Structures are given as C-alpha cells and as structure tokens.
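Colleague: Predicted model follows, preceded by the sequence.
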Amino acid sequence: MNRQKSESAKYWEEHLLSWEAGAYYKEGTQNATWWDRLSSVFRGDAMYVRMKTALELIAPHINGKTVLDVGCASGRFAFQMIQAGAQKVYGTDISSEAVEFAKKRGVELGMQDRLEFSLADVVQPNTPLPHVDLVTALGVIEYFNADDMSAFLGNLRTKYFLLDFPDYGRKKEFPTWILRQVYIRVNRLPGVYLYSLDEFSRIAEPFGFRDLHVIKKNNFYYVTNLPA
C-alpha cells in the first residue's frame, strides 16, 4: 500500500507551474504568482544556467540512449535531451497539470514518438519506473528527507544518474542562501534537505550506486556516477 503523499509532494502538486513560470520567465508560456515573479528578479538566469550546464555534462553520454527525467515539470529539459540525441526520454512529475502541459508541448514540437510523460510520486516505495540508461533530476532531491531519498533511489532502474545536488556547501553562498530561506518561509515550502557527498553515498550504496562524485560547474553542483 502506498504511503500518504509527503507534504513536499502536496506542495509541488499545487505550486509547480507557478514556480516554473517564474524560474523560466523568458518564455512567458505560463502564469506565475506575484511571489514567483518577484523571485525571478533575484534568481535571474540561474535556472537556465543550471539546465544548460546539466545538458553539457550529459551530452556525451545520451546519444541513442534512454533517459528518465524525474521532476520533468512541463518537459523543457526532456525536449532539450531529445534535441541532443537521446533516443527516448521518459518524464515523470507529481503535478498532473505539468504532465499534461508536457504532453501537449511534445506534440506541438513533433517529438511525441520519442517522449513519454507520466504522473508518479517517486518517493513511494515500489513505484514502477522505466528501465533506462540514465536518470536526471534538477531541483528535486533537495526536497527528499533520508527516508524519501532511500525510496527514490530504490525505485530507480538505471546504472547511471546525474542529479542536481544542493549540498552543504551552498549554505556559504551569500546572499543566495538567505534569500532562499525567505522564499521557503513566506511560501510555507516544506522541507529542504542538504546532504554531504558522504551522507548521500551511504544512502545510495545499498542500491548499487557507487563511485559517486560531485561536479561543480557554473556555480551549480551535480552528483553523478557517470564516467569522467
């Protein structure tokens, strides 16, 4: 039997599209709340940089391969991975609105045959996920406590992953960290969990994920076991 949805999952189910509209404000394809529009002033191009950097890191590994993008939102990163040569990209998200938006955009872009979007709560034990060559997740695992992280990693059917990794080092990034705390409290966002590489590795190792390392590039951190 599935557990009750986490508070974080409930939050993002309701707020995801507004957050994404603020984070990727240049497109103007969705409506952001007042606070998310304000956040874009401080965030600037950061989310574009995070996604572009992640794509640069995985590009040598995805040509002709299958990828699962966890927390796919409206599919933006999935579309970029198809354009970079992935054979097929699966996207999953907790927000049904986001999944439907991603499906619609996939059709509009003529990529529907190489995309598959679905609704899933990936921290529920035994959640069925596709077997893929690589798993990606941007802006996701920081909302998983240790139990959720363990369930998430246990659900993955892959050998490799690249995950945006908000480790303890980010606490030193002033004023970004302070502004983030304000956002969390004003919006009543539940749970932001930071892990050191050692802590994360201890959770991941029982599921066969070893040789993990952190890459810092363009002021973003990613944890991965992809070959150097």
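Modeller: Done, it's in.
Colleague: from here on, contacts and neighbour counts on C-alpha atoms
Modeller: Noted.
Colleague: which SS class is Arg50?
Modeller: Here Arg50 is helix, with the state taken from DSSP: H, G, I helix; E, B strand; the rest coil.
Colleague: what helix or strand is Thr92 on?
Modeller: Thr92 belongs to strand 88-93 when assigned by DSSP states H and E.
Colleague: partners of that strand, with directions?
Modeller: With DSSP bridges as the test, strand 88-93 is paired with strand 66-70 (parallel), strand 115-119 (parallel).
Colleague: which one of these lies closest to Glu199?
Modeller: When the strands paired with strand 88-93 are compared by C-alpha to C-alpha, strand 66-70 sits nearest Glu199, at 21.1 Å.
Colleague: Identify the residues contacting the closest one?
Modeller: Under the criterion C-alpha atoms under 8 Å, 6 or more residues apart in numbering, residues 77-78, 86-93, 130, 132-138, 140 lie in contact with strand 66-70.
Colleague: Relative to the whole chain's centre, how far out is it?
Modeller: Put simply, strand 66-70 sits 10 Å off its chain's centre (C-alpha atoms, centre = their mean, to the nearest Å).
Colleague: Off-centre distance for the next helix or strand after the strand holding Thr92?
Modeller: Later in the chain than strand 88-93, the nearest helix or strand by DSSP H and E is helix 96-108. Relative to the centre of its chain, helix 96-108 is centred 17 Å away, using C-alpha atoms, centre = their mean.
Colleague: And helix 96-108, what does it pack against?
Modeller: Helices and strands touching helix 96-108, as assessed by 3 or more C-alpha pairs under 8 Å, 6 or more residues apart in numbering; DSSP states H and E, comprise helix 7-23, strand 115-119.
Colleague: angle of the shortest one against helix 96-108?
Modeller: Strand 115-119 runs at 170 degrees relative to helix 96-108, counting by axes from the mean of the first three to the mean of the last three C-alpha atoms, to 10 degrees.
Colleague: Give me the buried positions along strand 115-119.
Modeller: Within strand 115-119, the residues scored as buried using 16 or more other C-alpha atoms under 10 Å are Leu115, Glu116, Phe117, Ser118, Leu119.
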